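Student: Quick one, fold the following:
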Amino acid sequence: METVHELDSFFNPRTIAIIGASKDFTSISGKPIKYLLTHGYRGKIFPVNPKYKELGGLTCYPSILEVPEEVDLALIAVNYRRVLDVLKDCVKKGVKFAIIFSSGFAEAGEQGKKLQQEIVELARQ
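Tutor: Sure thing, here's the model as predicted:
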């Protein structure tokens, strides 16, 4: 049942990093903080964005690599051109799961399709 235990970090993460977090809580990169805070999430939230020192009363980190704790789930809301590098940092950090909110991949044409394939290859590794 090790697989079920591993999935628990996805469905019930103890820690969530929001990479590309925004102070605009109406945007796709700001809503996760707002909803986690207002709907009783009991784990730790780590906003990640080098533009801010604090978001929603939470310390904001310039990089996932600078988050001081283990991260179960990363929510990635950055420009599609940065996603692959962000995922590589998540791998270095040991992040267990990631959800990408960005668009601009296969649905946007050949360049996006190529980038999407690179992301798939990284995930398989």
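
Student: Which element is encountered next along the chain beyond the helix or strand of the chain with the lowest mean pLDDT?
Tutor: Least confident helix or strand, the chain: helix 2-11 with a mean of 75, by mean pLDDT, DSSP states H and E. Under the assignment DSSP states H and E, the closest C-terminal helix or strand after helix 2-11 is strand 15-19.

Student: That following strand pairs with which strands?
Tutor: strand 44-48 (parallel), strand 73-76 (parallel) (DSSP bridges).

Student: Would you map the strands across this protein?
Tutor: 15-19, 44-48, 54-55, 58-59, 73-76, 97-100 (DSSP state E).

Student: Output the ones you listed as TSV; include the columns mean neighbour count.
Tutor: To be clear about C-beta, it is placed using only N, CA and C from the backbone, and glycine gets the same treatment. Conversion of those to TSV gives the following (neighbours: other C-beta atoms under 10 Å):
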stretch	mean neighbour count
strand 15-19	24
strand 44-48	22
strand 54-55	16
strand 58-59	15
strand 73-76	23
strand 97-100	17
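
Student: Dump the ones you listed into JSON lines; add mean pLDDT and distance to Q111 as well.
Tutor: Formatted as JSON lines, the strands of the chain follow (pLDDT from 0 to 100; distance: least, C-beta to C-beta, whole Å):
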{"stretch": "strand 15-19", "mean pLDDT": "98", "distance to Q111": "22"}
{"stretch": "strand 44-48", "mean pLDDT": "98", "distance to Q111": "25"}
{"stretch": "strand 54-55", "mean pLDDT": "96", "distance to Q111": "31"}
{"stretch": "strand 58-59", "mean pLDDT": "97", "distance to Q111": "35"}
{"stretch": "strand 73-76", "mean pLDDT": "97", "distance to Q111": "19"}
{"stretch": "strand 97-100", "mean pLDDT": "93", "distance to Q111": "16"}
